[in-house]
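A.B. asks: this is a predicted model, with the sequence first.
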Amino acid sequence: MENDIKEILITKEEIEAKVKELGETLSKEYQGKTPLMVCILKGAVLFMADLVRNMDIEVEMDFMAVSSYGKSTESSGVVRILKDLDTTVEGRDIIIVEDIIDSGLTLSYLVEMLKGRNLNSIKIVTLLDKPHRRKVDLKPDLSGFTIPDEFVVGYGLDYAEKYRNIPYIGVLKPEVYSG
Ligand SMILES: O=P(O)(O)OC[C@H]1O[C@H](OP(=O)(O)OP(=O)(O)O)[C@H](O)[C@@H]1O
Ligand SMILES: Nc1nc2[nH]cnc2c(=O)[nH]1
């Protein structure tokens with residue numbers, strides 16, 4: 001599996017240090033509150049699991065699954081909810097946890113939808129941000145790493161459902177796409 005990786009962009013150690021820092025920042029920001037951490041499946045699962053373990057305040061967790069129609073490496077902007085939240089979000093402080101923001105289409109749709117549910121507050125934390133690819137005006141409140149316009153895998157991120165369990169963020173060799 002790791003033979004398919006051309007280049008390591010962010011090491012396991014760099015991810016660990018950054019997730020610790022993000023967890024500490026969120027703990028300070030939400031001191032005295034119990035935010036509802038909303039993980040966007042599936043890519044953000046590993047980040048969510050590590051992030052909450054680096055927070056020393058009470059949190060609740062919930063999960064949403066969305067599907068964006070389109071090519072395997074490109075988001076189309078048409079978002080379908082496959083699994084909605086189990087929790088009632090009225091009056092809650094929501095932290096959306098994402099692995100990557102690319103075009104921003106997935107999150108801009110989700111944030112607008114959630115804002116319609118009478119939340120107290122909503123913030124976005126993403127591990128990775130590709131700002132050059134943005135198609136809508138969407139900025140994360142907290143971001144781990146800004147990365148160049150390359151398709152990355154590992155630490156939850158997949159290509160055709162594979163490579164999610166690689167412990168670092170890497171770029172695939174071009175021949176992997178062409179088969
Ligand atoms: O900013 P955008 O261009 O909308 O792209 C970002 C979205 O794409 C990825 O999810 P994906 O649809 O690949 O699903 P997955 O997390 O289950 O792999 C990622 O987890 C974001 O949700
Ligand atoms: N795996 C993966 N999914 C994405 N979704 C949007 N951008 C990316 C990316 O670079 N890698």
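C.D. replies: Structure received. Ligands and ions are numbered 1, 2, ... in the order given.

A.B. asks: CA atoms for contacts and neighbours, from now on please.
C.D. replies: Fine.

A.B. asks: list the buried residues for the top helix by length along the chain?
C.D. replies: Scanning the chain for the longest helix, with DSSP state H as the assignment, gives helix 12-29. By neighbour count on 16 or more other CA atoms under 10 Å, the buried set for helix 12-29 is 12, 15, 18-24, 26-27.

A.B. asks: quick check: closest non-adjacent residue to the single nearest residue of the chain relative to ligand 2.
C.D. replies: Using CA to the nearest ligand atom, the single residue of the chain nearest to ligand 2 is Phe151, 3.5 Å away. In space, and not counting its chain neighbours, Phe151 is closest to Val171: 6.3 Å by CA to CA, 6 or more residues apart in numbering.

A.B. asks: and that neighbour, what is it in contact with?
C.D. replies: Counting by CA atoms under 8 Å, 6 or more residues apart in numbering, Val171 makes contact with 5-9, 150-153.

A.B. asks: ok so it is a strand residue?
C.D. replies: Yes: if the criterion is DSSP: H, G, I helix; E, B strand; the rest coil, then Val171 is within a strand.

A.B. asks: what ranges does the protein have for its strands?
C.D. replies: Here the chain has its strands, by DSSP state E, at 5-10, 36-41, 60-68, 79-83, 93-101, 121-129, 142-146, 152-153, 169-172.

A.B. asks: and the fifth one, what does it pack onto?
C.D. replies: Put plainly, it is strand 93-101. strand 36-41, helix 45-52, strand 121-129 (3 or more CA pairs under 8 Å, 6 or more residues apart in numbering; DSSP states H and E).

A.B. asks: same question, the first one
C.D. replies: With contacts defined as 3+ CA pairs under 8 Å, 6+ apart, the secondary structure elements packing on strand 5-10 are strand 169-172.

A.B. asks: for the strand it packs on, which strands pair with it and how are they oriented?
C.D. replies: strand 5-10 (antiparallel), strand 152-153 (antiparallel) (DSSP bridges).

A.B. asks: tell me the most buried of those?
C.D. replies: strand 152-153 (a mean of 24; mean count of other CA atoms under 10 Å).

A.B. asks: mind checking if that one is in reach of ligand 1?
C.D. replies: No: figure legend: strand 152-153 not in contact with ligand 1 (CA under 6 Å from any ligand atom); closest approach 9.6 Å.
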